[in-house]
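J.: Structure for the following, please:
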Amino acid sequence: MQFDRRSLLRTSAIAMGAVAAPAIIHRGAWAQEDVIKVVGIHDASGGLDIYGQPMIATLGFAVEELNAAGGLLGKQVELINYDPQSNIQLYTQFATQAATRDRAAVVHGGITSASREAMRPILKRFQTLYFYNTQYEGGVCDRNIFCLGSGPAQNVTKLVPYVMNKWGKKVYVLAADYNYGQITAKWVKKYVTEGDGEVLADEYFPLDVTDFGPTIRKIQAAKPDIVMSLLVGGAHVSFYRQWAAAGMNKEIPLASTTFGGGNENKLLSPEEGDGIHAAFAYFQELDTPANKAFLERFHAKLGDKAPYLGAELAMMTYHGFNIWAEGVKKAGSVDRMAVTEALESGISYQGPAGTTVVDPKTHHATLDVHIAEVKDQAFEVLESYAQQPPADTQAVCDLSANPNENKQYVVGI
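T.: Numbers count the residues shown, from 1 in each chain. From the prediction side, this is the model:
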């Protein structure tokens, strides 16, 4: 995949240097301007750029579509994109800048849960609405954020029983060593156990690890029926290549809750990637009229610069922006609380990923989920499950009853 980085990172004329000292801003200030400012904070470089670049492309496309249709509330939307370069410090810097200098009506951003948790308290402090559109481990309970990607009760709960029924009950888990991998591994263990299976071992890897030789030897010795991958980022793609180079992709099948979110299926050869199973709220290969119509518009607009959209992250960014816009239209304002209350009315959006419905009590989403298999660098959808609720976060979060809640729960598993 080749990207014109300059065209993807359209920023305002604001310098991207040091952030001014924080100051509480009257959040109605942008209502007096001629444009509505939206900030995107996604990695266009660094180890997480495999996820960030398609997300930047779909966010930009969503803004262009909206502006071409007349904008919002009679105003055009100005998109300001920042590249945190897979650096948590830059995430905090740009979140502060979005709130204090740009005076954004909303921020769409974050890929890893670590990046989300770096930005979330800043945006809450400065009363700037935040959309996190990435599949994650669940449990965030905060009225200032909307989490519209799928969670474990939507994807893990479907994927684990499916592959155990297909391949066997002995599972070996590989996970990224931060809260996504650690918490999602607990969900995998839960569903394996409920299916009368056994997790033989679980291993955790920092995001910069590229040598998986010792782990592959451990898996060979353990002889599981399935390897479940919760690996994340560009460095971890090395595992799949080394796994195939060792001939293990012909012996032990792989399933993943993350593979495809960064278009890993396109980075690997068919010989390396074929047969891997994944579960997400969207795959580019979905055979629906809405998805086909979107892809036709998307490719007509971007031409050869249009990235492959893979699984979920880019498309839920597109859905997330449009859901925010629906909230603005219903509220008749970009005021944070007016939009929040409008979204809490149960707003839905029908798009390429099907119907996404905001759950008022959790600020998460009810959405469709699909299991797919990699074949010749593309995904073949095997099973689809309509309108799956965010049951994991629903078990611990009720913002209707507790609107001042502000934490991430690790759901009791």
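J.: Name the residues that touch stretch 356-366?
T.: Stretch 356-366 has contacts (C-beta atoms under 8 Å, 6 or more residues apart in numbering) with 138, 141-143, 145-149, 151, 316, 319, 323, 343-350, 367, 387-390, 393-394, 397-401. Using the backbone N, CA and C atoms, a C-beta is placed for each residue, glycine as well.
J.: my bad, should have said stretch 180-187
T.: Contact with stretch 180-187 is made by 112-113, 136-139, 152-153, 156-157, 173, 175, 202, 204-205, 230-232, 257, 392, 410, 413, as judged by C-beta under 8 Å, 6+ apart.
J.: In the sheet, which strands lie alongside the helix or strand harbouring residue 350, parallel or antiparallel?
T.: Taking DSSP states H and E as the criterion, residue 350 maps to strand 348-351. Applying DSSP bridges, strand 348-351 is found paired with strand 354-359 (antiparallel).
J.: So what's the gap between the strand it pairs with and the chain middle?
T.: With C-alpha atoms, centre = their mean, to the nearest Å as the basis, strand 354-359 stands 15 Å off its chain's centre.
J.: can you check stretch 116-129 too?
T.: For stretch 116-129, the separation from the chain centroid amounts to 17 Å (computed by C-alpha atoms, centre = their mean).
J.: Next, the contact list for the residue sitting nearest the centre point of the chain, please.
T.: Central residue of the chain (C-alpha atoms, centre = their mean): residue 134, 1.6 Å from the mean position. By C-beta under 8 Å, 6+ apart, the residues touching residue 134 are 51, 110-111, 116, 149, 313, 316.
J.: coming back round to it: mark which of the contacts of stretch 356-366 are buried, thanks.
T.: Buried by 16 or more other C-beta atoms under 10 Å: 138, 141-143, 145-149, 151, 316, 319, 323, 343-344, 347, 349, 367, 388-390, 393-394, 397, 399, out of the contacts of stretch 356-366.
J.: Residue 231 contacts residue 239, doesn't it?
T.: Yes. With contact defined as C-beta atoms under 8 Å, residue 231 reaches residue 239; the gap is 5.8 Å.
J.: Residue 131 against residue 146, yeah?
T.: Yes. The pair residue 131 / residue 146 is scored as a contact, 5.1 Å apart, by C-beta under 8 Å.
J.: Can you pull the residues that touch both of those two?
T.: Common neighbours of residue 131 and residue 146 (C-beta under 8 Å, 6+ apart) are 320, 323-324.
J.: Nearest to residue 276 among those residues?
T.: For those, the minimum distance to residue 276 (C-beta to C-beta) is 26.4 Å, reached by residue 320.
J.: Identify the residues contacting the closest one.
T.: Shown in contact with residue 320 (C-beta under 8 Å, 6+ apart): 108, 131, 133, 146, 148.
J.: before we move on, what about residue 329?
T.: By C-beta under 8 Å, 6+ apart, the contact set of residue 329 is 72-73.
J.: any idea how far residue 166 is from it?
T.: Distance of residue 329 to residue 166, given as C-beta to C-beta, to the nearest Å: 44 Å.
J.: What's the end-to-end length of stretch 131-140?
T.: Start and end residues of stretch 131-140 are separated by 12 Å (C-alpha to C-alpha, to the nearest Å).
J.: Stretch 296-308 now?
T.: Stretch 296-308 has its terminal residues 13 Å apart, counting by C-alpha to C-alpha.
J.: thinking again about what came up before, show me the contact partners of the strand holding residue 350.
T.: With C-beta under 8 Å, 6+ apart as the contact definition, strand 348-351 has outside contacts at 290, 294, 315, 318-319, 322-323, 326, 355-358.
J.: what do you get if the cut-off is 7 Å, keeping everything else the same?
T.: With contact meaning C-beta atoms under 7 Å, 6 or more residues apart in numbering, strand 348-351 is reached by 290, 318-319, 322-323, 326, 355-357.
J.: got it, and stretch 373-385?
T.: Counting by C-beta under 7 Å, 6+ apart, 158, 162, 260, 265-266, 270, 273-277, 283, 285-286, 311, 368-372 sit against stretch 373-385.
J.: ok, of these, which come out buried?
T.: Applying 16+ other C-beta under 10 Å to the contacts of stretch 373-385 flags 158, 162, 260, 265-266, 273-274, 276-277, 283, 285-286, 311, 368-372 as buried.
J.: re the thing from before, where do the contact lists of residue 231 and residue 239 overlap?
T.: Residues touching both residue 231 and residue 239 (C-beta under 7 Å, 6+ apart): residue 174.
J.: May I have the residues that are in contact with residue 84?
T.: With contact set as C-beta under 7 Å, 6+ apart, residue 84 has these partners: 41, 43, 90-91, 94.
J.: The nearest residue to it once chain neighbours are set aside: helix or strand, and which one exactly?
T.: Leaving aside its sequence neighbours, residue 84 sits nearest to residue 90 (C-beta to C-beta, 6 or more residues apart in numbering; 3.9 Å). Under the criterion of DSSP H and E, residue 90 resides in helix 88-100.
J.: buried ones in the next helix or strand after that helix?
T.: Later in the chain than helix 88-100, the nearest helix or strand by DSSP H and E is strand 106-109. For strand 106-109, burial by neighbour count (16+ other C-beta under 10 Å) applies to 106-109.
J.: Next: stretch 111-125.
T.: For stretch 111-125, the neighbour count (16+ other C-beta under 10 Å) marks 111-113, 115-120, 122-124 as buried.
J.: okay, these in JSON lines with pLDDT and secondary structure next?
T.: JSON lines is the format used below for the buried residues of stretch 111-125 (pLDDT from 0 to 100; DSSP: H, G, I helix; E, B strand; the rest coil):
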{"residue": "111", "pLDDT": "95", "secondary structure": "coil"}
{"residue": "112", "pLDDT": "92", "secondary structure": "coil"}
{"residue": "113", "pLDDT": "92", "secondary structure": "helix"}
{"residue": "115", "pLDDT": "96", "secondary structure": "helix"}
{"residue": "116", "pLDDT": "96", "secondary structure": "helix"}
{"residue": "117", "pLDDT": "96", "secondary structure": "helix"}
{"residue": "118", "pLDDT": "96", "secondary structure": "helix"}
{"residue": "119", "pLDDT": "98", "secondary structure": "helix"}
{"residue": "120", "pLDDT": "98", "secondary structure": "helix"}
{"residue": "122", "pLDDT": "98", "secondary structure": "helix"}
{"residue": "123", "pLDDT": "98", "secondary structure": "helix"}
{"residue": "124", "pLDDT": "98", "secondary structure": "helix"}
